[in-house]
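Colleague: coords please:
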Amino acid sequence: MSAWMIRAAAAVGFAGLVWVLFRFAMGLRWEMISREAARRAQTASGRRVVAELPVRTGDFLLFLETGSGFEWGGAALERTAIRGARVLLNGGVLDAFCREGALPDPTPPDDFEGKERWEVAVFLRDGSRTVIDCGGLREGVSREIAAKVFAAIRG
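Modeller: Below is the predicted model:
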């Protein structure tokens with residue numbers, strides 16, 4: 001194989017690598033622009049974006065505070081229906097509040113699976129319970145999401 005063929009093959013390989021990296025970068029940029037547009041649309045309609053809830057599919061849901069309550073992914077909670085809430089790490093209670101009466105006894109935490117699972121359990125006046133999954137992302141991301149959701153519900 002001659003030197004010019006080796007150089008041509010290297011140039012084609014380098015161009016292919018640059019193209020793959022460019023496509024990856026543009027995909028990340030498009031995802032960021034899409035998220036910002038979704039946040040702006042919700043803010044323009046009078047809702048406050050509290051947090052972005054990660055979904056197992058790799059997408060996200062916006063946890064929104066409206067004038068009368070909260071919305072996320074098709075679910076809704078009225079502020080007047082909330083009796084209390086708990087922040088859960090792998091099922092164990094980290095923080096709680098109750099507006100009236102007492103919350104039901106917590107269930108024992110799950111066995112540790114090797115990864116964190118953050119949730120906010122919201123107890124309603126009718127006796128039902130709603131769990132908001134805040135994810136299992138590392139580096140404190142899910143902990144921060146759970147703290148924001150809990151603070152919004154508590155406030």
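Colleague: please enumerate the helices of this protein.
Modeller: 3-44, 141-154 (DSSP state H).
Colleague: out of the ones you listed, which one sits most buried?
Modeller: Ranked by mean neighbour count, the helices of the chain are led by helix 141-154 with a mean of 20 (mean count of other Cβ atoms under 10 Å). Any C-beta I mention is one placed from the backbone N, CA and C, and that applies to glycine too.
Colleague: can you tell me how far the spatially most central residue of the chain sits from residue 16?
Modeller: Residue closest to the average C-alpha location in the chain (Cα atoms, centre = their mean): residue 53, at 1.8 Å. Applying Cβ to Cβ, to the nearest Å, the value for residue 53 to residue 16 is 37 Å.
Colleague: what does residue 68 give?
Modeller: 54 Å.
Colleague: cool, and residue 42?
Modeller: 40 Å.
Colleague: buried stuff in stretch 116-130?
Modeller: 116-124, 130 (16 or more other Cβ atoms under 10 Å).
Colleague: in CSV, list those along with distance to residue 35 and pLDDT.
Modeller: Shown next, in CSV, are these (distance: Cβ to Cβ, whole Å; pLDDT from 0 to 100):
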residue, distance to residue 35, pLDDT
116, 23, 82
117, 23, 86
118, 20, 88
119, 23, 89
120, 21, 92
121, 27, 92
122, 25, 93
123, 31, 92
124, 30, 91
130, 25, 90
